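Trainee: Quick one: sequence plus predicted model below, questions after.
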Amino acid sequence: MASSSRHRSRAAPGSPVAVAVNLLFCVPGQVGGSEDYLVRQMLGLAELAAASSSPDCGISASLDVVPTIYAPQGFAAAHPDLADAVHVVEAPIDGRSRPKRVLYDNTWLFEQSSGSGLIHHGGGTVPVRGHQPIVLTIHDLQYRTFPQYFSRLKRLYLGHSMPRSARRAKVIAVPSEYVRGTVIEAYDVDPEDVVVVPHGMERRLGRDSTDEVTLRTRYALGDGPIIVLPAITHPHKGHRFLLEVMATHWCDPALRLVLTGGRGMADADVEREIVERGLSDRVVRTGRVSRADRDGLLQMATAMTFPSEYEGFGAPVIEAMALGAPVICSDRTCLPDVAGDAAVVLPLEVEAWAGALDAVVARRDELVAAGRERAKQFSAARSAQALLSAYELALS
(Lines give C-alpha, C1' and ligand atoms only; values in the text may rest on other atoms or scores of the structure.)
Protein backbone atom coordinates (compact mmCIF):
# COMPACT_ATOMS: atom_id res chain seq x y z
CA MET A 1 0.00 0.00 0.00
CA ALA A 2 2.90 2.36 0.62
CA SER A 3 5.67 3.29 -1.75
CA SER A 4 9.30 3.57 -0.68
CA SER A 5 9.13 7.33 -1.16
CA ARG A 6 6.77 7.86 1.77
CA HIS A 7 8.04 9.73 4.80
CA ARG A 8 9.34 7.86 7.80
CA SER A 9 9.43 8.87 11.45
CA ARG A 10 11.14 12.18 12.10
CA ALA A 11 12.39 10.84 15.41
CA ALA A 12 15.95 9.61 15.81
CA PRO A 13 16.46 5.88 16.42
CA GLY A 14 15.43 4.98 19.96
CA SER A 15 13.76 8.30 20.70
CA PRO A 16 10.00 8.71 21.27
CA VAL A 17 7.79 8.99 18.21
CA ALA A 18 5.30 11.84 18.13
CA VAL A 19 1.95 10.45 17.01
CA ALA A 20 -0.90 12.70 15.89
CA VAL A 21 -4.23 10.96 16.57
CA ASN A 22 -7.06 12.41 14.48
CA LEU A 23 -10.34 12.12 16.38
CA LEU A 24 -12.03 15.18 14.87
CA PHE A 25 -14.93 12.94 13.88
CA CYS A 26 -15.41 11.78 17.47
CA VAL A 27 -18.30 13.95 18.69
CA PRO A 28 -18.86 12.79 22.30
CA GLY A 29 -21.90 10.56 22.56
CA GLN A 30 -22.69 10.64 18.84
CA VAL A 31 -20.48 8.05 17.14
CA GLY A 32 -21.34 4.89 19.05
CA GLY A 33 -18.83 2.22 19.97
CA SER A 34 -16.01 3.72 17.91
CA GLU A 35 -15.66 6.44 20.55
CA ASP A 36 -15.09 3.97 23.39
CA TYR A 37 -12.85 1.86 21.15
CA LEU A 38 -10.41 4.68 20.44
CA VAL A 39 -10.59 6.26 23.89
CA ARG A 40 -9.74 2.94 25.50
CA GLN A 41 -6.80 2.46 23.13
CA MET A 42 -5.42 5.84 24.13
CA LEU A 43 -5.93 5.03 27.82
CA GLY A 44 -4.09 1.79 27.17
CA LEU A 45 -1.17 3.68 25.64
CA ALA A 46 -0.98 5.81 28.78
CA GLU A 47 -1.13 2.68 30.92
CA LEU A 48 1.73 1.10 28.99
CA ALA A 49 3.80 4.26 29.31
CA ALA A 50 3.23 4.37 33.07
CA ALA A 51 4.09 0.68 33.37
CA SER A 52 7.41 1.08 31.57
CA SER A 53 8.99 2.12 34.87
CA SER A 54 7.68 -1.02 36.60
CA PRO A 55 9.25 -4.00 34.83
CA ASP A 56 7.54 -6.53 37.12
CA CYS A 57 4.02 -5.50 36.15
CA GLY A 58 3.86 -7.90 33.21
CA ILE A 59 3.03 -5.15 30.71
CA SER A 60 5.57 -3.72 28.30
CA ALA A 61 5.49 -1.22 25.46
CA SER A 62 7.19 -2.30 22.25
CA LEU A 63 7.49 1.28 20.96
CA ASP A 64 7.93 4.58 22.77
CA VAL A 65 5.26 6.97 21.47
CA VAL A 66 4.02 10.38 22.55
CA PRO A 67 0.44 10.72 21.28
CA THR A 68 -1.40 13.99 20.83
CA ILE A 69 -5.14 13.72 20.27
CA TYR A 70 -6.82 16.22 17.96
CA ALA A 71 -10.52 16.29 18.75
CA PRO A 72 -13.65 18.44 18.54
CA GLN A 73 -14.81 20.86 21.20
CA GLY A 74 -16.07 19.14 24.34
CA PHE A 75 -13.99 15.99 23.92
CA ALA A 76 -11.69 16.61 26.89
CA ALA A 77 -14.62 17.38 29.19
CA ALA A 78 -16.35 14.16 28.10
CA HIS A 79 -13.21 12.11 28.80
CA PRO A 80 -11.43 13.72 31.75
CA ASP A 81 -9.40 10.60 32.59
CA LEU A 82 -7.99 10.55 29.08
CA ALA A 83 -7.35 14.29 29.05
CA ASP A 84 -5.36 13.88 32.26
CA ALA A 85 -3.24 11.13 30.71
CA VAL A 86 -2.79 12.22 27.08
CA HIS A 87 -2.38 15.67 25.54
CA VAL A 88 -5.65 16.70 23.87
CA VAL A 89 -5.88 19.61 21.43
CA GLU A 90 -9.42 20.67 20.61
CA ALA A 91 -10.26 22.21 17.26
CA PRO A 92 -12.53 25.28 17.15
CA ILE A 93 -15.39 23.15 15.79
CA ASP A 94 -17.84 20.76 17.42
CA GLY A 95 -17.39 18.11 14.71
CA ARG A 96 -21.10 17.77 13.90
CA SER A 97 -20.84 19.23 10.39
CA ARG A 98 -19.08 16.78 8.08
CA PRO A 99 -18.15 19.43 5.44
CA LYS A 100 -16.62 21.65 8.12
CA ARG A 101 -14.79 18.70 9.68
CA VAL A 102 -13.39 17.63 6.30
CA LEU A 103 -12.16 21.19 5.79
CA TYR A 104 -10.42 21.18 9.19
CA ASP A 105 -8.94 17.74 8.48
CA ASN A 106 -7.24 19.20 5.40
CA THR A 107 -6.20 22.56 6.84
CA TRP A 108 -6.09 22.93 10.63
CA LEU A 109 -5.06 19.32 11.30
CA PHE A 110 -2.46 19.43 8.52
CA GLU A 111 -0.78 22.39 10.18
CA GLN A 112 -1.15 21.08 13.75
CA SER A 113 0.38 17.66 12.92
CA SER A 114 3.28 18.90 10.79
CA GLY A 115 5.92 17.85 13.33
CA SER A 116 4.57 14.36 13.96
CA GLY A 117 6.39 11.20 13.01
CA LEU A 118 3.18 9.22 12.48
CA ILE A 119 -0.45 10.11 11.78
CA HIS A 120 -3.27 7.92 13.08
CA HIS A 121 -6.67 8.67 11.55
CA GLY A 122 -9.33 7.08 13.74
CA GLY A 123 -12.50 7.67 11.72
CA GLY A 124 -12.13 5.36 8.72
CA THR A 125 -11.03 8.01 6.21
CA VAL A 126 -7.86 9.95 5.40
CA PRO A 127 -7.86 13.65 4.41
CA VAL A 128 -6.80 14.48 0.88
CA ARG A 129 -4.04 16.61 2.33
CA GLY A 130 -1.96 15.04 5.06
CA HIS A 131 1.37 13.81 6.32
CA GLN A 132 2.83 10.30 6.15
CA PRO A 133 3.13 7.57 7.31
CA ILE A 134 -0.53 6.85 8.08
CA VAL A 135 -2.25 4.32 10.29
CA LEU A 136 -5.96 4.22 9.48
CA THR A 137 -8.58 2.69 11.76
CA ILE A 138 -11.48 1.14 9.84
CA HIS A 139 -14.21 0.14 12.27
CA ASP A 140 -16.39 -1.79 9.82
CA LEU A 141 -17.72 -1.86 6.26
CA GLN A 142 -21.39 -1.87 7.13
CA TYR A 143 -22.15 0.59 4.36
CA ARG A 144 -21.33 -2.19 1.88
CA THR A 145 -23.29 -4.94 3.65
CA PHE A 146 -26.39 -2.90 4.53
CA PRO A 147 -26.42 0.09 2.16
CA GLN A 148 -30.14 0.54 2.85
CA TYR A 149 -29.27 1.74 6.36
CA PHE A 150 -27.34 4.74 5.02
CA SER A 151 -28.46 7.89 3.26
CA ARG A 152 -27.59 8.19 -0.41
CA LEU A 153 -25.20 11.05 0.34
CA LYS A 154 -23.35 9.10 3.02
CA ARG A 155 -23.10 6.02 0.78
CA LEU A 156 -21.57 8.15 -1.95
CA TYR A 157 -19.13 9.74 0.50
CA LEU A 158 -18.01 6.46 2.05
CA GLY A 159 -17.92 4.66 -1.30
CA HIS A 160 -15.49 7.26 -2.62
CA SER A 161 -13.43 8.16 0.44
CA MET A 162 -12.88 4.79 2.12
CA PRO A 163 -11.23 2.95 -0.80
CA ARG A 164 -9.04 6.01 -1.45
CA SER A 165 -8.13 6.18 2.23
CA ALA A 166 -7.27 2.48 2.38
CA ARG A 167 -4.88 2.93 -0.54
CA ARG A 168 -3.15 5.91 1.11
CA ALA A 169 -2.66 4.25 4.50
CA LYS A 170 0.57 2.44 5.28
CA VAL A 171 -1.25 0.25 7.81
CA ILE A 172 -4.94 -0.36 8.46
CA ALA A 173 -6.07 -1.18 12.01
CA VAL A 174 -9.34 -3.09 12.43
CA PRO A 175 -11.18 -4.34 15.52
CA SER A 176 -11.71 -8.00 14.54
CA GLU A 177 -10.71 -10.75 12.15
CA TYR A 178 -14.13 -10.42 10.56
CA VAL A 179 -13.51 -6.79 9.60
CA ARG A 180 -9.96 -7.64 8.54
CA GLY A 181 -11.30 -10.14 6.02
CA THR A 182 -13.89 -7.74 4.63
CA VAL A 183 -11.34 -4.93 4.25
CA ILE A 184 -8.83 -7.15 2.44
CA GLU A 185 -11.54 -8.42 0.09
CA ALA A 186 -13.15 -5.04 -0.55
CA TYR A 187 -10.07 -2.93 -1.11
CA ASP A 188 -7.53 -5.47 -2.41
CA VAL A 189 -4.92 -4.46 0.15
CA ASP A 190 -1.93 -6.49 1.28
CA PRO A 191 -3.10 -8.73 4.15
CA GLU A 192 0.18 -8.07 5.98
CA ASP A 193 -0.75 -4.40 6.22
CA VAL A 194 -4.07 -5.00 7.99
CA VAL A 195 -3.65 -5.43 11.74
CA VAL A 196 -6.30 -6.52 14.25
CA VAL A 197 -6.46 -4.16 17.22
CA PRO A 198 -9.20 -5.62 19.45
CA HIS A 199 -11.30 -3.62 21.84
CA GLY A 200 -10.02 -3.33 25.39
CA MET A 201 -11.83 -2.59 28.64
CA GLU A 202 -10.40 0.07 30.92
CA ARG A 203 -9.42 -0.88 34.47
CA ARG A 204 -12.01 1.42 36.04
CA LEU A 205 -14.96 -0.34 34.38
CA GLY A 206 -17.59 -0.97 37.05
CA ARG A 207 -15.74 0.71 39.91
CA ASP A 208 -18.23 3.55 40.35
CA SER A 209 -21.45 1.77 39.39
CA THR A 210 -24.76 3.23 40.48
CA ASP A 211 -26.43 0.98 43.04
CA GLU A 212 -29.50 -1.10 42.20
CA VAL A 213 -31.92 0.69 44.52
CA THR A 214 -31.09 4.03 42.97
CA LEU A 215 -31.43 2.68 39.45
CA ARG A 216 -34.80 1.04 40.11
CA THR A 217 -36.10 4.33 41.46
CA ARG A 218 -34.50 6.55 38.83
CA TYR A 219 -35.85 4.59 35.87
CA ALA A 220 -39.06 3.18 37.42
CA LEU A 221 -37.96 -0.41 36.90
CA GLY A 222 -40.19 -2.01 39.51
CA ASP A 223 -39.09 -5.01 41.54
CA GLY A 224 -38.84 -7.63 38.79
CA PRO A 225 -36.02 -8.84 36.56
CA ILE A 226 -34.50 -6.61 33.89
CA ILE A 227 -32.75 -7.22 30.62
CA VAL A 228 -30.67 -4.56 28.88
CA LEU A 229 -30.09 -3.70 25.22
CA PRO A 230 -27.34 -1.03 25.14
CA ALA A 231 -27.45 0.43 21.64
CA ILE A 232 -28.46 3.44 19.60
CA THR A 233 -31.71 2.69 17.75
CA HIS A 234 -30.09 2.05 14.39
CA PRO A 235 -31.87 -0.51 12.18
CA HIS A 236 -29.17 -3.18 12.43
CA LYS A 237 -29.09 -3.23 16.25
CA GLY A 238 -32.12 -5.50 16.52
CA HIS A 239 -34.48 -3.49 18.73
CA ARG A 240 -37.56 -4.50 16.75
CA PHE A 241 -36.52 -8.15 16.79
CA LEU A 242 -36.19 -8.09 20.56
CA LEU A 243 -39.56 -6.37 20.94
CA GLU A 244 -41.12 -9.25 19.02
CA VAL A 245 -39.43 -11.73 21.35
CA MET A 246 -40.74 -9.78 24.35
CA ALA A 247 -44.27 -9.75 22.99
CA THR A 248 -44.44 -13.40 21.96
CA HIS A 249 -42.24 -15.32 24.41
CA TRP A 250 -40.80 -13.25 27.26
CA CYS A 251 -44.19 -12.41 28.68
CA ASP A 252 -43.49 -12.08 32.43
CA PRO A 253 -45.41 -8.89 33.36
CA ALA A 254 -42.69 -7.98 35.89
CA LEU A 255 -39.88 -8.23 33.32
CA ARG A 256 -38.51 -4.91 32.09
CA LEU A 257 -36.56 -4.44 28.88
CA VAL A 258 -34.23 -1.46 29.38
CA LEU A 259 -33.15 0.26 26.16
CA THR A 260 -30.14 2.49 26.73
CA GLY A 261 -28.56 4.63 24.04
CA GLY A 262 -29.43 7.53 21.81
CA ARG A 263 -31.95 7.88 19.02
CA GLY A 264 -30.95 6.45 15.65
CA MET A 265 -32.48 6.00 12.21
CA ALA A 266 -34.96 3.36 13.40
CA ASP A 267 -36.16 5.28 16.44
CA ALA A 268 -39.63 6.10 15.13
CA ASP A 269 -40.17 2.46 14.12
CA VAL A 270 -39.07 1.28 17.57
CA GLU A 271 -41.42 3.70 19.32
CA ARG A 272 -44.32 2.64 17.13
CA GLU A 273 -43.65 -1.06 17.69
CA ILE A 274 -43.53 -0.63 21.47
CA VAL A 275 -47.03 0.85 21.36
CA GLU A 276 -48.48 -1.53 18.78
CA ARG A 277 -47.24 -4.60 20.65
CA GLY A 278 -48.62 -3.35 23.95
CA LEU A 279 -45.19 -3.14 25.57
CA SER A 280 -45.28 0.41 26.89
CA ASP A 281 -45.45 -0.80 30.50
CA ARG A 282 -42.60 -3.30 30.08
CA VAL A 283 -40.08 -1.34 27.98
CA VAL A 284 -38.07 1.43 29.63
CA ARG A 285 -36.22 3.86 27.38
CA THR A 286 -33.51 5.66 29.31
CA GLY A 287 -31.73 7.42 26.46
CA ARG A 288 -27.99 7.79 26.77
CA VAL A 289 -26.96 7.08 30.37
CA SER A 290 -23.86 7.84 32.39
CA ARG A 291 -21.14 5.23 32.59
CA ALA A 292 -21.99 4.68 36.25
CA ASP A 293 -25.64 3.96 35.40
CA ARG A 294 -24.69 1.79 32.43
CA ASP A 295 -22.41 -0.32 34.59
CA GLY A 296 -24.96 -0.59 37.37
CA LEU A 297 -27.75 -1.63 35.01
CA LEU A 298 -25.60 -4.38 33.53
CA GLN A 299 -24.50 -5.62 36.94
CA MET A 300 -28.14 -6.03 38.06
CA ALA A 301 -29.42 -7.45 34.76
CA THR A 302 -30.67 -10.97 34.28
CA ALA A 303 -29.04 -10.69 30.86
CA MET A 304 -27.56 -8.29 28.36
CA THR A 305 -29.29 -8.89 25.04
CA PHE A 306 -27.58 -8.04 21.76
CA PRO A 307 -29.54 -9.18 18.67
CA SER A 308 -27.43 -7.19 16.22
CA GLU A 309 -27.27 -7.92 12.50
CA TYR A 310 -23.85 -6.38 12.05
CA GLU A 311 -20.92 -5.53 14.34
CA GLY A 312 -17.31 -4.70 13.69
CA PHE A 313 -16.56 -5.99 17.19
CA GLY A 314 -19.52 -5.67 19.56
CA ALA A 315 -17.91 -4.11 22.62
CA PRO A 316 -21.12 -4.28 24.72
CA VAL A 317 -20.67 -8.06 24.79
CA ILE A 318 -17.31 -7.78 26.54
CA GLU A 319 -18.46 -4.89 28.73
CA ALA A 320 -21.35 -6.98 29.99
CA MET A 321 -19.11 -9.98 30.63
CA ALA A 322 -16.62 -7.86 32.56
CA LEU A 323 -19.47 -6.55 34.71
CA GLY A 324 -20.93 -9.98 35.45
CA ALA A 325 -23.97 -9.91 33.17
CA PRO A 326 -24.81 -13.07 31.19
CA VAL A 327 -24.97 -12.35 27.47
CA ILE A 328 -27.48 -13.41 24.83
CA CYS A 329 -26.35 -12.33 21.37
CA SER A 330 -26.86 -13.06 17.71
CA ASP A 331 -24.62 -15.26 15.60
CA ARG A 332 -23.96 -12.58 13.00
CA THR A 333 -20.62 -11.23 11.70
CA CYS A 334 -17.92 -11.18 14.43
CA LEU A 335 -20.14 -11.79 17.47
CA PRO A 336 -19.59 -15.58 17.78
CA ASP A 337 -15.82 -15.05 17.75
CA VAL A 338 -15.98 -12.23 20.29
CA ALA A 339 -18.35 -14.07 22.64
CA GLY A 340 -16.64 -17.44 22.36
CA ASP A 341 -18.18 -20.05 24.68
CA ALA A 342 -19.04 -17.46 27.31
CA ALA A 343 -22.45 -16.40 25.96
CA VAL A 344 -25.69 -17.80 24.61
CA VAL A 345 -25.24 -17.24 20.87
CA LEU A 346 -28.35 -17.66 18.73
CA PRO A 347 -29.56 -17.15 15.16
CA LEU A 348 -31.83 -14.18 14.57
CA GLU A 349 -34.99 -16.27 14.63
CA VAL A 350 -37.67 -15.42 17.18
CA GLU A 351 -38.35 -19.04 18.08
CA ALA A 352 -34.64 -19.64 18.73
CA TRP A 353 -34.74 -16.93 21.40
CA ALA A 354 -37.90 -18.21 23.07
CA GLY A 355 -36.16 -20.18 25.82
CA ALA A 356 -33.00 -18.09 26.06
CA LEU A 357 -33.91 -16.28 29.29
CA ASP A 358 -34.71 -19.56 31.04
CA ALA A 359 -31.38 -20.94 29.82
CA VAL A 360 -29.54 -17.92 31.18
CA VAL A 361 -31.20 -18.24 34.59
CA ALA A 362 -30.35 -21.95 34.75
CA ARG A 363 -26.72 -21.36 33.70
CA ARG A 364 -26.15 -18.01 35.39
CA ASP A 365 -23.17 -18.91 37.58
CA GLU A 366 -21.48 -20.72 34.71
CA LEU A 367 -22.02 -17.87 32.24
CA VAL A 368 -20.91 -15.17 34.67
CA ALA A 369 -17.69 -17.01 35.48
CA ALA A 370 -16.97 -17.78 31.83
CA GLY A 371 -17.75 -14.18 30.86
CA ARG A 372 -15.38 -12.71 33.40
CA GLU A 373 -12.58 -14.97 32.17
CA ARG A 374 -13.35 -14.09 28.58
CA ALA A 375 -13.29 -10.36 29.35
CA LYS A 376 -9.78 -10.63 30.79
CA GLN A 377 -8.51 -11.21 27.25
CA PHE A 378 -9.69 -7.73 26.25
CA SER A 379 -7.83 -5.20 28.37
CA ALA A 380 -7.01 -1.64 27.34
CA ALA A 381 -3.31 -2.46 27.70
CA ARG A 382 -3.56 -5.41 25.30
CA SER A 383 -5.49 -3.27 22.84
CA ALA A 384 -2.78 -0.62 23.08
CA GLN A 385 -0.05 -3.21 22.55
CA ALA A 386 -1.75 -4.30 19.33
CA LEU A 387 -2.01 -0.65 18.27
CA LEU A 388 1.71 -0.20 18.92
CA SER A 389 2.34 -3.16 16.62
CA ALA A 390 0.42 -1.30 13.90
CA TYR A 391 2.47 1.83 14.57
CA GLU A 392 5.73 -0.13 14.39
CA LEU A 393 4.71 -1.66 11.08
CA ALA A 394 3.87 1.77 9.67
CA LEU A 395 7.27 3.07 10.74
CA SER A 396 9.23 0.13 9.32
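Mentor: The structure has been received and is ready for your questions.

Trainee: And residue 335, how close does it get to residue 73?
Mentor: 34 Å (C-beta to C-beta, to the nearest Å). Backbone N, C-alpha and C define where each C-beta goes, glycine included.

Trainee: if you count what's nearby, which of these two comes out ahead?
Mentor: residue 335 (24 against 15; other C-beta atoms under 10 Å).

Trainee: and that one, backbone torsions?
Mentor: phi -60, psi -40 (degrees, to the nearest 10).

Trainee: Just list the residues touching it, thanks.
Mentor: Residues in contact with residue 335 (C-beta atoms under 8 Å, 6 or more residues apart in numbering) are 306, 308, 311, 314, 317, 329, 345.

Trainee: Repeat that for residue 78.
Mentor: 28, 29.

Trainee: can you pull the pLDDT of it?
Mentor: Predicted confidence (pLDDT) for residue 78: 94.

Trainee: Likewise for residue 123?
Mentor: 95.

Trainee: Check the one 4 residues further on too.
Mentor: Predicted confidence (pLDDT) for residue 127: 95.

Trainee: So it sits against residue 110, correct?
Mentor: Yes. Applying C-beta atoms under 8 Å, one finds residue 127 in contact with residue 110, separated by 7.1 Å.

Trainee: Neighbour count: these two, which is higher?
Mentor: residue 127 (23 against 17).

Trainee: what's around the closest residue to the more buried one other than its chain neighbours, how many residues?
Mentor: Spatial nearest neighbour of residue 127, excluding adjacent residues (C-beta to C-beta, 6 or more residues apart in numbering): residue 105 at 3.9 Å. Neighbourhood size, residue 105 [other C-beta under 10 Å]: 23.

Trainee: likewise the one 4 residues further on?
Mentor: The local packing of residue 109 (other C-beta under 10 Å) involves 24 other residues.

Trainee: Quick one: residues contacting it.
Mentor: 20, 22, 24, 70, 91, 127, 130.

Trainee: So which of those are in strands?
Mentor: In strands, judged by DSSP state E, the following of those are found: 20, 22, 70.

Trainee: before we move on, the earlier item: does the residue nearest to residue 127 count as helix, strand or coil?
Mentor: helix (DSSP: H, G, I helix; E, B strand; the rest coil).

Trainee: What does the pLDDT read for it?
Mentor: In this model, residue 105 carries a pLDDT of 95.

Trainee: again with residue 60
Mentor: Reading off the model, residue 60 has pLDDT 56.

Trainee: How about residue 6?
Mentor: 32.

Trainee: Look up the closest residue to residue 76, ignoring the ones flanking it.
Mentor: Per C-beta to C-beta, 6+ apart, closest to residue 76 is residue 83, 4.0 Å.

Trainee: ok, the contacts of residue 335 vs residue 185, which is closest?
Mentor: Distance to residue 185, by C-beta to C-beta, is smallest for residue 311 among the contacts of residue 335, at 17.7 Å.

Trainee: What ranges does the stretch 201-350 of the chain have for its helices?
Mentor: In the stretch 201-350 of the chain, the helices defined using DSSP state H, counting those that start in this stretch lie at 212-218, 239-248, 267-276, 291-300, 315-322, 335-339.

Trainee: Relative to residue 164, how far out is residue 37?
Mentor: 23 Å.

Trainee: Of these two, which one has the most company?
Mentor: residue 37 (23 against 14).

Trainee: what residues are up against that one?
Mentor: Here residue 37 is in contact with 139, 175, 199, 313, 315 (criterion: C-beta under 8 Å, 6+ apart).

Trainee: how many other residues sit next to the fourth one?
Mentor: The local packing count at residue 313 equals 27, with neighbours defined by other C-beta under 10 Å.

Trainee: That one and residue 279, how far apart?
Mentor: Following C-beta to C-beta, the distance that separates residue 313 from residue 279 is 29 Å.

Trainee: go on, the first one?
Mentor: According to C-beta to C-beta, residue 139 stands 32 Å off from residue 279.

Trainee: the more surrounded of those two?
Mentor: Neighbours per residue, other C-beta under 10 Å: of residue 139 and residue 279, the larger number sits with residue 139, 22 against 15.

Trainee: Would you agree the more buried one falls within a helix?
Mentor: No. According to three-state DSSP, residue 139 belongs to no helix; its state is coil.

Trainee: ok, now which ones touch the closest residue to residue 237 other than its chain neighbours?
Mentor: Leaving aside its sequence neighbours, residue 237 sits nearest to residue 231 (C-beta to C-beta, 6+ apart; 4.1 Å). Residues near residue 231 by C-beta under 8 Å, 6+ apart: 237, 238, 239, 259, 260, 261, 306, 308, 316.

Trainee: and the angle for the helix or strand of the chain with the lowest mean pLDDT with helix 291-300?
Mentor: The helix or strand of the chain with the poorest confidence is helix 33-51; it has a mean of 92 (mean pLDDT, DSSP states H and E). Orientation note: helix 33-51 sits at an angle of 100 degrees relative to helix 291-300 (axes from the mean of the first three to the mean of the last three C-alpha atoms, to 10 degrees).

Trainee: Okay, buried residues for helix 33-51 please.
Mentor: Within helix 33-51, the residues scored as buried using 16 or more other C-beta atoms under 10 Å are 33-49, 51.

Trainee: could you give the angle of it to helix 315-322?
Mentor: 50 degrees.

Trainee: Include distance to residue 349 when you put the ones in strands among the contacts of residue 109 into TSV, please.
Mentor: Formatted as TSV, the ones in strands among the contacts of residue 109 follow (distance: C-beta to C-beta, whole Å):
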residue	distance to residue 349
20	46
22	41
70	45
